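**Q** got a sequence here, can you build the structure:
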Amino acid sequence: MVGISRSSVYYQAHPVSVADLELMRRIDELHLEHPFIDSRMLRDQLNRAGCTVGRTHVGTLMKRMGIEALYRKPGANKKHPGNKIYPYLLRA
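**A** Here you go, the predicted structure:
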């Protein structure tokens, strides 16, 4: 009647486990040291440190924390359609 679904009213958020909090802290430390590292490289760094974790779990935690690797995204060097293209006048 009001337009609110029943599932959103009765939803109970699950608390984050202690192991995930520790993993998120370690991911944050590694991300601050190397902001260009993506989930695959973070997984390798964590596995070398002794934390057995998969790439998808690392990616999920990164998304939950709101961090992402810094790298050039596709289409970063495209021309803006509003920019005027000037003719090259020095050509003979």
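**Q** in the host helix or strand of residue 30, what's buried?
**A** Here residue 30, judged by DSSP states H and E, is contained in helix 18-33. For helix 18-33, the neighbour count (16 or more other C-beta atoms under 10 Å) marks 20, 23-24, 26-27, 30-31 as buried. All C-beta spots, glycine's among them, are computed from the backbone N, C-alpha and C.
**Q** same question for stretch 36-56.
**A** Those would be 37, 39, 42-43, 45-46, 53, for stretch 36-56 by 16+ other C-beta under 10 Å.
**Q** just the ones of those residues in strands?
**A** If you go by DSSP state E, the buried residues of stretch 36-56 have nothing in strands.
**Q** pull the distance from the lowest-mean-pLDDT helix or strand in the chain to the chain's centre.
**A** Within the chain, no helix or strand scores below helix 6-9, which has a mean of 84 by mean pLDDT, DSSP states H and E. Computed by C-alpha atoms, centre = their mean, to the nearest Å, the separation of helix 6-9 from the middle of its chain amounts to 28 Å.
**Q** hey, C-alpha coordinates of it in PDB?
**A** Taking C-alpha atoms only, helix 6-9 is exported to PDB below (Å, rounded to 0.1, in the frame of the first residue of the first chain):
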ATOM      1  CA  ARG A   6       8.500  -6.200   3.000                       C
ATOM      2  CA  SER A   7      12.000  -7.400   2.600                       C
ATOM      3  CA  SER A   8      13.500  -3.900   3.100                       C
ATOM      4  CA  VAL A   9      11.500  -3.400   6.300                       C
END
